[in-house]
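Sharing a model that was predicted from the sequence below.
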Amino acid sequence: GAVVSQHPSWVICKSGTSVKIECRSLDFQATTMFWYRQFPKQSLMLMATSNEGSKATYEQGVEKDKFLINHASLTLSTLTVTSAHPEDSSFYICSARAGDSYYGYTFGSGTRLTVV
Amino acid sequence: GQNIDQPTEMTATEGAIVQINCTYQTSGFNGLFWYQQHAGEAPTFLSYNVLDGLEEKGRFSSFLSRSKGYSYLLLKELQMKDSASYLCAVKHGAGSYQLTFGKGTKLSVIP
C-alpha cells in the first residue's frame, strides 16, 4: 500500500530558529500534499495544500511567510517553520494524495515540534 | 462554511458495541471518512462512504445518509486497544480534494 514517510518524528528547537519537516511518498507519486497542525486534544486543522511545482494554498489565518512549504517533486514536500516560537509547538502531520479515491489519502507519522 | 459535529468523549465496556455519530454541514460533499487516531500518532484509515447506506468491514461498520448530513461509525466486540480518538472527515466536492475534520471523539474502553 501507499506509504508516506515523515521526518523527523520529534524535534526540540530554540525560540527564533527554523525547523524543516520532510514528507516523502515512498511508492507513489503524490500530486497533492496537505499539511495539518494538531494541538493537544484538538482535531487536525488544515494549514495548506500544495501541488507539485506550484505555490501552496494557505488556509485563512496561516502565515505563509512563517510556514514555508515547498513541493519541488512528486515525492517530496517540506514544511519549514521559520523563527519558531513556543506557540508553534504542536503536532504537524502531512498527508499525500495520489488519486481520486480513498486510497489517495495517506498520512505521514507526524512530527512533534517543541519550541523552548 | 464547514461544520462537522461529533461527541467529544464516549465510554464503553469491553465486548460491547458503541456507535459514534457525526453530523455535517459543508459546502460540497464528495465522501466521508472515518479515521482512528491514537495519542501522538497519525490517523489511520477506517472507512470511506460516498453513497448512502452501511459499509461493513470486520468489527467496524460505517453508515451514511447524505440527505440528513449524518454518519455513524459502529464498533462491535470492543477491545481495550480500541481506546483512541475517532475522527470524522468530509471530502469536499469536485475541484477540491481537501478533507475537513471534525474535532474527534475520544473513546475509552473499560474492562
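Looks like it came in fine.

tell me, how many neighbours does residue B:101 end up with?
Around residue B:101 there are 23 other residues, counting by other Cβ atoms under 10 Å in any protein chain shown. For every residue, glycine as well, the C-beta is placed using N, CA and C.

From chain A, how far out is it?
Residue B:101 sits 5 Å away from chain A, taking Cβ to the nearest Cβ, to the nearest Å as the criterion.

what does chain A have sitting close to chain B?
A:6, A:32, A:34, A:41-46, A:49, A:91, A:93, A:95, A:97, A:100, A:102, A:104-105, A:107-110, A:112 (Cβ under 8 Å from any Cβ of the partner chain).

from these, which would you call buried?
Listed as buried from those are A:6, A:32, A:34, A:43-46, A:49, A:91, A:93, A:95, A:97, A:104-105, A:107-110; burial here means 16 or more other Cβ atoms under 10 Å in any protein chain shown.

which ones among those residues are found in helices?
Secondary structure from DSSP state H places none of these in helices.

Write out the residues of chain B neighbouring chain A.
So chain B meets chain A at B:31, B:33, B:40-45, B:48, B:87, B:97-104, B:106 (Cβ under 8 Å from any Cβ).

Now, of those residues, which are buried?
Among the residues of chain B next to chain A, those classed as buried by 16+ other Cβ under 10 Å are B:31, B:33, B:42-43, B:48, B:87, B:97-104, B:106.

Apart from its neighbours in sequence, what residue is nearest residue B:88?
Of all residues not flanking residue B:88 in the chain, residue B:22 sits nearest, at 3.5 Å (Cβ to Cβ, 6 or more residues apart in numbering or on different chains).

Distance of the one you found relative to chain A?
Distance from residue B:22 to chain A, by Cβ to the nearest Cβ: 12 Å.

Quick one, grab the pLDDT at that residue.
Looking at residue B:22, its pLDDT is 98.

Pull out the buried positions in the helix or strand that contains it.
Secondary structure from DSSP states H and E places residue B:22 in strand B:18-25. The neighbour-count check on strand B:18-25 (16+ other Cβ under 10 Å) flags B:18, B:20, B:22-24 as buried.

partner residues bridging residue 36?
No chain in the question, so chain A it is. residue A:46, residue A:93 (DSSP bridges).

try again with chain B
Under DSSP bridges, the beta-bridge partners of residue B:36 are residue B:44, residue B:86.

residues contacting the residue nearest to residue B:88?
Listed by Cβ atoms under 8 Å, 6 or more residues apart in numbering or on different chains, the contact set of residue B:22 reads B:4-6, B:32, B:34, B:70-73, B:88, B:102.

Recalculate using a threshold of 6 Å.
Taking Cβ atoms under 6 Å, 6 or more residues apart in numbering or on different chains, we find residue B:22 in contact with B:6, B:71, B:88, B:102.

Dump the residues you listed into TSV; add distance to residue A:62, pLDDT and secondary structure as well.
TSV is the format used below for these (distance: Cβ to Cβ, whole Å; pLDDT from 0 to 100; DSSP: H, G, I helix; E, B strand; the rest coil):
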residue	distance to residue A:62	pLDDT	secondary structure
B:6	24	96	coil
B:71	28	98	strand
B:88	23	96	strand
B:102	20	93	coil
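
I appreciate the help and will end here.
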